[in-house]
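Participant: Here is a sequence together with a model predicted from it:
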Amino acid sequence: MITISGLTRTLPQGKTVLQEIRGQLEPGTFVAIVGASGSGKSTLLRCLALKEPWTKGEYRFDGQEVMKAGPLAKLRVRRKIAYLEQKPLLYEKKTALKNVLIGAVGQVSWIRRMTGMVRNDDYMDAMDTLEAVGLIDRAKQPAEKLSGGERQRVAIARAIAHGAELVLADEPVTGLDPHSAEDIMAILKKLCKEKRTTIVVALHRLELAEKFADEIWGLHEGRIIMNVRGRRLTGAEKVRLS
Ligand SMILES: Nc1ncnc2c1ncn2[C@@H]1O[C@H](COP(=O)(O)OP(=O)(O)OP(=O)(O)O)[C@@H](O)[C@H]1O
């Protein structure tokens with residue numbers, strides 16, 4: 001369980017881009033963050049991923065107060081978090097399988113990434129995860145030969161195979177055709193429910209949030225102005241978010 005309260009992010013230049021963010025993220029919940037361009041969606045995800053510092057507030061991850069934690073405790077929390085970029089950074093010459101096995105920077109130890117050491121169990125897990133994201137037949141393809149949607153699936157498989165408890169995805173469907181976008185959202189939703197992973201996705205496309213999210217958090221100028229169960233938003237709600 002993740003609890004955030006009073007979280008604020010002020011940039012070094014003095015601009016406050018997130019204010020008094022509060023909420024709870026329960027295991028197995030799929031949350032969509034929506035809001036106009038510049039409302040703070042990406043910053044919120046980066047701060048939750050500990051890629052950017054919070055200025056003040058409380059961030060509790062499985063009982064651990066992250067902002068007061070020492071470097072080792074922070075590292076342990078980081079390993080439970082996977083951050084999916086719009087355009088996933090993969091090892092281009094390595095296969096989809098190898099990309100899943102090696103893991104992302106920050107997810108597994110650097111020794112493991114440098115040496116590529118894997119155990120038999122890891123191999124089986126990676127294959128199972130590739131199957132879960134519908135990529136088993138592409139496992140031996142180098143990343144550079146994969147489509148945008150397939151690359152995003154490798155990134156999702158990588159996050160899940162390394163035991164992420166919290167997956168933060170910043171516009172993971174940008175640049176994908178509507179069919180592939182729905183596929184990615186469906187895969188995230190399936191993993192969320194089957195593995196009890198907490199998934200937070202920043203989305204421009206409200207219809208995807210409405211269709212897949214358990215909760216929709218609406219941001220406006222750095223504040224959460226809406227926190228509703230996943231459902232069709234009313235016209236008035238959409239206007240507030242624009
Ligand atoms: N490093 C930075 N330097 C200056 N301004 C920044 C920086 N990071 C974020 N901002 C500002 O913070 C605000 C929130 O930006 P953010 O990228 O989080 O919004 P967003 O909702 O994700 O936008 P978009 O939908 O366009 O990606 C914007 O006004 C942006 O200009």
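Facilitator: Now that the structure is in, tell me what you want to look at.

Participant: Per-residue pLDDT of the spatially most central residue of the chain, please?
Facilitator: Centre of the chain computed as the mean C-alpha position; nearest residue by C-alpha atoms, centre = their mean is Leu168, 1.6 Å away. Note for Leu168: predicted pLDDT of 97.

Participant: list the contacts for it?
Facilitator: Residues in contact with Leu168 (C-beta atoms under 8 Å, 6 or more residues apart in numbering) are Leu45, Leu48, Ala49, Ile81, Ala82, Tyr83, Leu84, Val200, Val201. In short, each C-beta sits where N, CA and C put it, glycine included.

Participant: Looking at those residues, spot the one nearest the ligand.
Facilitator: When the contacts of Leu168 are compared for distance to the ligand (C-beta to the nearest ligand atom), Leu45 wins out at 7.9 Å.

Participant: neighbours of that closest one, just the number please.
Facilitator: 21 (other C-beta atoms under 10 Å).

Participant: Which strand or helix spans it?
Facilitator: Assigned by DSSP states H and E, Leu45 belongs to helix 41-48.

Participant: Tell me what angle whatever helix or strand comes next after that helix forms with helix 41-48.
Facilitator: Toward the C-terminus, helix 41-48 is succeeded by strand 56-61 as the next helix or strand (DSSP H and E). Strand 56-61 and helix 41-48 meet at an angle of 70 degrees, taking axes from the mean of the first three to the mean of the last three C-alpha atoms, to 10 degrees as the criterion.

Participant: tell me the mean pLDDT for strand 56-61?
Facilitator: 95.

Participant: which residues touch the following helix or strand past it?
Facilitator: From strand 56-61 onward toward the C-terminus, using DSSP H and E, the following helix or strand is strand 64-65. Contacting residues not belonging to strand 64-65 are listed as Glu58, Tyr59, Ala73, Arg76, Val77 [C-beta under 8 Å, 6+ apart].
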